[in-house]
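Student: build me a model:
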Amino acid sequence: MPANLRPARPRDDLPSVARLLTLSDNVVAIALTLLVFQLKVPAVALVRDQDSAADLAAALAKQADQLIGYLVAFYVVAQFWLAHHRVFRQVAGHHEGLAWWNFAFLLTITAMPFTSSLLGNYGSNPLAVDIFAVNVLLAALATQATLLFGQRHDVAIAPADVEVRATRGRVTVVMIALAVSIGLAWVNTSAAKYCWLLILLAPWAANRWAARTTPGPDAAGPAGR
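Tutor: Model (predicted):
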């Protein structure tokens with residue numbers, strides 16, 4: 001058979017989907033572990049009476065911003081890990097560009113320990129709030145770019161309508177919440193952080209909205225049968 005008529009085969013030197021997922025899982029696990037290092041045990045010199053629970057509680061209360069930053073970042077990374085697996089459940093092949101978009105996603109995840117630590121130490125600084133918000137925004141964009149790349153290069157299967165609607169709902173809520181918080185941070189940093197509560201509610205709200213608005217298999221009626 002002439003060489004130009006032979007069916008194209010995937011390159012064997014490209015990383016498989018399983019390898020990409022293994023690498024991504026390991027990177028996310030390391031990032032989650034590094035997040036906790038922003039929490040510090042109060043220095044002994046800062047606790048007046050080392051046997052007093054009240055004094056220790058007061059010293060810990062001074063690190064409330066670091067604890068909040070840790071919890072928010074942990075939840076965000078966990079949500080992106082779930083989103084990443086939802087994306088790769090739809091991937092049925094591999095492509096070098098897909099690997100590079102996956103690395104772009106991992107770049108944003110590995111930056112999360114730094115940006116969340118910055119947020120914990122400078123929680124009232126609008127620049128610190130914006131840097132963390134931009135980090136989350138870039139992670140969301142990299143996740144969606146990975147999925148779109150896979151669909152455009154025929155290495156990702158078309159998801160069900162309900163999943164498409166749920167994904168669009170989640171992305172829309174996250175983008176709006178982050179965009180508003182980035183601008184609002186220069187007016188009121190506390191109000192900007194409250195916008196992030198929408199990110200916590202986005203998966204639940206998007207799934208319910210998609211389930212209610214997606215027509216069932218019998219919704220087409222006689223004309224669609």
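
Student: quick check: Ala18 vs Phe105, distance?
Tutor: Look at Ala18 and Phe105: by C-beta to C-beta, to the nearest Å, they are 17 Å apart. Every C-beta, even on glycine, is put in place using the N, C-alpha and C of the backbone.

Student: likewise for Ala61?
Tutor: Distance from Ala61 to Phe105, by C-beta to C-beta: 36 Å.

Student: between those two, who's got more neighbours?
Tutor: Phe105 (25 against 10; other C-beta atoms under 10 Å).

Student: residues in contact with the more buried one?
Tutor: Phe105 makes contacts with Ser24, Phe80, His84, Ala139, Ala142, Thr143, Thr146, as judged by C-beta atoms under 8 Å, 6 or more residues apart in numbering.

Student: the second one touches Leu106, doesn't it?
Tutor: No: because the distance of 10.2 Å does not satisfy C-beta atoms under 8 Å, Phe80 is recorded as not touching Leu106.

Student: now the strands for this structure?
Tutor: With DSSP state E, there are no strands along the chain.

Student: can you find the helix or strand in it with the smallest mean pLDDT?
Tutor: Between all helices and strands in the chain, the lowest mean by mean pLDDT, DSSP states H and E belongs to helix 221-224, at a mean of 46.

Student: Val17: neighbour count?
Tutor: With other C-beta under 10 Å as criterion, Val17 counts 18.

Student: partners of the residue nearest to it when sequence neighbours are not counted in the sheet?
Tutor: Residue nearest to Val17 in three dimensions, not counting chain neighbours: Val91, with 5.2 Å by C-beta to C-beta, 6 or more residues apart in numbering. For Val91, the beta-bridge partners under DSSP bridges are Ala156.

Student: look up how far Val174 lies from the closest residue to Ser124 other than its chain neighbours.
Tutor: Once flanking residues are discounted, Ser124 sits nearest to Thr189: 5.3 Å by C-beta to C-beta, 6+ apart. Between Thr189 and Val174 the computed distance is 19 Å (C-beta to C-beta).

Student: between these two, who's got more neighbours?
Tutor: Neighbour comparison, Thr189 and Val174: the larger count goes to Val174, with 26 against 21 (by other C-beta under 10 Å).

Student: measure the more buried one to Tyr122 for me?
Tutor: With C-beta to C-beta as the criterion, Val174 and Tyr122 are 23 Å apart.
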